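Participant: structure for the following, please:
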Amino acid sequence: MLEPTISLTDEQITFFHKNGYLAIECLTTATEISRLRGVYDRLFSEQAGREEGNQYDLAGTDEDDKPLSLPQIVNPVNYAPELKDILLKANARAVAQQLLGPPVEAQGEFAIMKPPQLGAPAPWHQDESYWKEELEYNSVSIWVPLQEATLENGCMQFIPGSHKGDVLPHHPIGHDPRVHGLEVDECDPSTAVACPLPAGGATIHHCRTLHYTGPNRSSQMRRAYVHTFAAAFVKRSQPRDFYWQKQRRTARDERRRQAGTVSTSAGTA
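Facilitator: You can find the predicted model right below:
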């Protein structure tokens, strides 16, 4: 295993706990980012994981004969073993431990792509709205662009302090039960902060922080590689009702049923 090369400052840790997000300029090297882009592009060109429901359109109806507007691959490391021991992952874990306290466990990883011109926005949402209603989570998602992330191609945006409340009511994007992705029922984005980044930088956000990415209006693919880490899960004394999860009837779920697979879902886009 590679050793981490990053350490957050006290000021960065304080900022995260106050605001629910943090942006850093460099999580890994330019050489590794270049190598990861090649792996990432190969996995999407092969539609890795699609048959078992681990590759799907997060923002569309996910039909085989239509272009995908926001394709995602769940746990791409399962389809590319060369992703197991990388500096990005070692540094992401180190950052998570500094923010949540050790130990932390890997909760999942995701490759999310916005195609040029076509890439859809990921509406405002909280990642925890995708997860188990009976558990209490304390987790972070570490979102790394494999090229420069800008307002034009869909960089991350956050509402500071929104992690301090509970999970808000959500619904499938566009109120269409065929769409896997979720969006919050009500949201005031007037205080939102956009976080453009260089390739290999990172945003880190808490699982209850409201966040959004805009459409990709550029002529280039927008690549994001996300790692989620969590402190120990706690079973709630009173389970919540995430009724919006039960509203969905997606092509992805049908593929998973046919393949007999179960996988993690995340909303970080």
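
Participant: start and end of stretch 245-257, how far apart?
Facilitator: The stretch stretch 245-257 measures 16 Å between its terminal residues, going by CA to CA, to the nearest Å.

Participant: just the buried residues of that stretch, please?
Facilitator: Neighbour-count burial for stretch 245-257, counted by 16 or more other CB atoms under 10 Å, picks out 245, 248, 250, 251, 252, 255, 256. Backbone N, C-alpha and C define where each C-beta goes, glycine included.

Participant: swap in stretch 222-241?
Facilitator: Residues 222, 223, 224, 225, 226, 227, 228, 229, 230, 231, 233 are the ones in stretch 222-241 that count as buried (16+ other CB under 10 Å).

Participant: now the end-to-end length of it.
Facilitator: Start-to-end, stretch 222-241 (CA to CA) is 34 Å.

Participant: for the longest helix along the chain, which positions count as buried?
Facilitator: Ranked by residue count, the top helix of the chain under DSSP state H comes out as helix 30-45. Using 16+ other CB under 10 Å as the test for burial, helix 30-45 gives 32, 33, 36, 37, 39, 40, 43, 44.

Participant: now for the buried residues of stretch 245-257, which pair is the farthest apart?
Facilitator: Across these, the longest distance by CB to CB is 17.4 Å; it joins 245 and 255.

Participant: what is the nearest of the buried residues of helix 30-45 to residue 72?
Facilitator: residue 44 (9.8 Å).

Participant: ok, and the closest non-adjacent residue to that closest one?
Facilitator: Excluding the flanking residues, the one nearest residue 44 by CB to CB, 6 or more residues apart in numbering is residue 113, at 5.6 Å.

Participant: quickly list what that neighbour is bridged to.
Facilitator: Beta bridges link residue 113 to residue 223 when assigned by DSSP bridges.

Participant: can you report how many residues lie near it?
Facilitator: Residue 113: 23 surrounding residues under other CB atoms under 10 Å.

Participant: wait, doesn't it sit right on residue 223?
Facilitator: Yes - Residue 113 is within contact range of residue 223, at 5.9 Å (criterion: CB atoms under 8 Å).

Participant: confirm that residue 88 sits in a strand.
Facilitator: No - counting by DSSP: H, G, I helix; E, B strand; the rest coil, one finds residue 88 to be helix, located in no strand.
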